[in-house]
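S.K.: Sharing a sequence plus its predicted fold:
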Amino acid sequence: MVDGPILVLGATGGQGGAVTDALLGRRAPLRALVRDPGRKSARDLADKGVEVVAGSLSDRGSLAAAMSGVAAVFAITTPFEAGVEAEVAQGRAILAAARQKRVPHLVFSSVAGADQHTGVPHFDSKARIEAELVSGDVPHTILGPTYFFDNALGGTERILSGVLDLPLPPDRPLQQLARPDLGAFAAEVLLNPGPYVGRRIELASDAPTPAQMAAALGSALGREVRHEQVPLTAISNPDMHAMWAFLNGPGYRVDIPALHDAHPEISWTSFAAWAHRTFAAA
């Protein structure tokens with residue numbers, strides 16, 4: 001077992017929450033950094049035995065305090081609140097705190113494709129953080145999640161009305177990841193760092209086409225769901241436009257069979273199984 005608690009940053013968010021759940025399932029000692037320990041999600045963690053501490057991804061002081069005596073850190077950054085420069089600043093604050101506290105192992109959740117010079121703003125910001133992490137002296141592992149299955153939930157109303165909107169051709173595979181699979185993989189890396197330190201590993205659970213996604217959602221709902229290809233010109237957000245242009249072009253390039261063969265300890269959820277679990281009750 002690890003020597004000291006594992007610190008999870010963003011523990012009440014999607015990725016941090018998945019990692020926290022997986023670590024709790026393996027009975028690891030946990031510390032969670034949250035913005036507001038009084039929120040229900042943070043209180044729920046405390047009720048499960050997690051040590052909850054207040055802090056911010058952009059505040060080096062609170063990060064360093066949270067990192068005192070830890071065995072490892074799971075770190076994420078986000079551009080979606082204050083922009084990509086704020087995300088890079090978060091990364092620098094995390095790395096500075098980790099150096100200061102001599103963190104034994106930092107697992108950074110980046111994004112698949114960040115090393116491909118994509119021109120996607122929120123990929124390139126993570127690439128800048130990765131470069132500083134690699135050039136520094138903090139022992140680390142970089143994980144690169146692909147597109148999350150859960151992203152489909154942003155279009156739940158449309159799916160329930162029978163339409164899956166995606167800016168991809170119907171036969172174009174989209175490599176995707178189940179959050180619990182990310183959580184399970186990160187937990188394995190955090191608890192058994194030896195084989196992973198210094199590596200960059202991209203993660204995908206499945207690669208369905210939009211047509212296959214629509215069929216799986218329809219099967220889960222018990223009624224037809226059809227894919228509607230959204231034109232790229234309809235995507236006004238520059239970051240999202242760049243991401244979908246990348247996914248229509250080079251796209252992610254995870255070797256999914258090799259990844260799954262190398263890690264049979266992960267359940268690797270199919271999109272169809274996720275869809276059924278998520279939408280069957282609807």
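M.R.: Ah, there it is.
S.K.: just how off-centre is stretch 28-43 within its chain?
M.R.: Distance of stretch 28-43 from the chain centroid (C-alpha atoms, centre = their mean, to the nearest Å) equals 18 Å.
S.K.: Next up, the contacts around the residue with the largest distance to the centre of the chain.
M.R.: Ranked by distance from the centre of the chain (C-alpha atoms, centre = their mean), the top residue is residue 223, with 30.6 Å. Counting by C-beta atoms under 8 Å, 6 or more residues apart in numbering, residue 223 makes contact with residue 162. Heads up, the C-betas are built off the backbone N, CA and C, glycines and all.
S.K.: Does it belong to a helix, a strand or coil?
M.R.: Under DSSP: H, G, I helix; E, B strand; the rest coil, the three-state class of residue 223 is coil.
S.K.: Dihedrals phi and psi, it?
M.R.: Dihedral pair for residue 223: phi -160, psi 160, per degrees, to the nearest 10.
S.K.: what do you get for the one 10 residues further on?
M.R.: Residue 233 adopts backbone torsions of phi -60, psi -20, taken as degrees, to the nearest 10.
S.K.: who's in contact with the helix or strand residue 123 falls within?
M.R.: For residue 123, the element it lies in under DSSP states H and E is helix 121-135. Helix 121-135 has contacts (C-beta under 8 Å, 6+ apart) with 77, 79-80, 84-85, 87-88, 91-92, 95, 106, 108, 110-111, 113-118, 140, 142, 200, 238-239, 242-243, 246.
S.K.: what are the pairing partners of the very next helix or strand once past it, and which direction each?
M.R.: Counting by DSSP H and E, the next helix or strand C-terminal to helix 121-135 is strand 140-145. Counting by DSSP bridges, the strands paired with strand 140-145 are strand 106-109 (parallel), strand 200-203 (parallel).
S.K.: just so I know, which of those lies nearest residue 280?
M.R.: Residue 280 lies closest to strand 200-203 among the strands paired with strand 140-145, at 25.3 Å (C-beta to C-beta).
S.K.: what residues does the closest one touch?
M.R.: 110, 112-113, 115, 130, 141-146, 177, 181-182, 185, 189, 252-254, 259.
S.K.: from these, which would you call buried?
M.R.: Buried by 16 or more other C-beta atoms under 10 Å: 110, 112-113, 115, 130, 141-146, 177, 181-182, 185, 189, 252, 254, 259, out of those.
S.K.: Compute the inter-axis angle for the strand or helix carrying residue 182 and strand 140-145.
M.R.: Secondary structure assignment for residue 182, by DSSP H and E: helix 179-191. If you take axes from the mean of the first three to the mean of the last three C-alpha atoms, to 10 degrees, helix 179-191 sits at 170 degrees to strand 140-145.
S.K.: Any idea how far helix 179-191 is from the middle of the chain?
M.R.: 10 Å.
S.K.: on contacts alone, who are the packing partners of that helix?
M.R.: Applying 3 or more C-beta pairs under 8 Å, 6 or more residues apart in numbering; DSSP states H and E, one finds that helix 179-191 makes contact with helix 14-25, strand 72-75, strand 106-109, strand 140-145, strand 200-203.
S.K.: Right, I'll leave it there.
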